[in-house]
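**Student:** please find the sequence and the predicted model below.
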Amino acid sequence: MPKVIDHDQRRREIVEVAKKLIAEGGFEAATMRSIVTAAGFANGALKHYFASKDDIISATFESVLLETAQHMSELDPEASPKEALRGFVEGAMPLDAHQITSARVLLVLWEHSVANPDLARQYRDLLTTWRAELTTRIAAAWDKGEPPDAPAVGVLADEIISVTIGANVASLMHPVGELVDRYRAYVEAFMERIAG
């Protein structure tokens, strides 16, 4: 009886290998040969799962964006609006080694998304969804009674997005975890502004 292969699982394994290679050595480290070797597959085996390196990179980018979105939304359903906002903001900040590794992969792939319309669209879609979620959470948590589409709420959402992107980039220039206290202090100050 032939061995049953879970093709979706194999694709996920290949994407995880690509993430690891990109995080450790940049885009150039994730060659088809290095991915095959690190995944323990025979030469040519990747073609059964991905037609090209571009397909692997696209799947890797999508995977990191999905992980980021899931990390930001893994909140206690019983949380108050302020706790839910805090959890969402903390989920996007580089506050642990996994988030910093994801940021490293995203940063490498952002460069390639400029020239790749599909990757650029995926990232734009994430930012659009992220901003909409932020405005909803800010409006619910803010004591000023502003609706999600109020300009002041949008300004706060844009601030969080900009700070988070900047924090992710800056975290890559320092030893892992060195800036975590600064970022936690920013989240505290932001939440005090929302509460005040």
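**Tutor:** Perfect, thanks for sending it.

**Student:** which helix or strand contains the most centrally placed residue in the chain?
**Tutor:** Against the mean C-alpha coordinate of the chain, by C-alpha atoms, centre = their mean, the closest residue is Thr68 at 3.3 Å. If you go by DSSP states H and E, Thr68 is part of helix 53-73.

**Student:** run through the neighbouring helices and strands of that helix.
**Tutor:** helix 7-25, helix 32-39, helix 81-92, helix 97-114, helix 117-141 (3 or more C-beta pairs under 8 Å, 6 or more residues apart in numbering; DSSP states H and E). Bear in mind the C-beta positions are built from the backbone N, C-alpha and C, glycine included.

**Student:** dump those helices into TSV; add distance to Phe50 as well.
**Tutor:** Putting the helices and strands packed on helix 53-73 into TSV (distance: least, C-beta to C-beta, whole Å) gives the following:
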stretch	distance to Phe50
helix 7-25	7
helix 32-39	9
helix 81-92	28
helix 97-114	15
helix 117-141	14
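
**Student:** mind putting those helices into a markdown table with mean pLDDT, distance to Ala167 and mean neighbour count?
**Tutor:** Formatted as a markdown table, the helices and strands packed on helix 53-73 follow (pLDDT from 0 to 100; distance: least, C-beta to C-beta, whole Å; neighbours: other C-beta atoms under 10 Å):
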| stretch | mean pLDDT | distance to Ala167 | mean neighbour count |
| --- | --- | --- | --- |
| helix 7-25 | 88 | 17 | 17 |
| helix 32-39 | 88 | 29 | 16 |
| helix 81-92 | 90 | 9 | 19 |
| helix 97-114 | 83 | 8 | 18 |
| helix 117-141 | 90 | 14 | 17 |
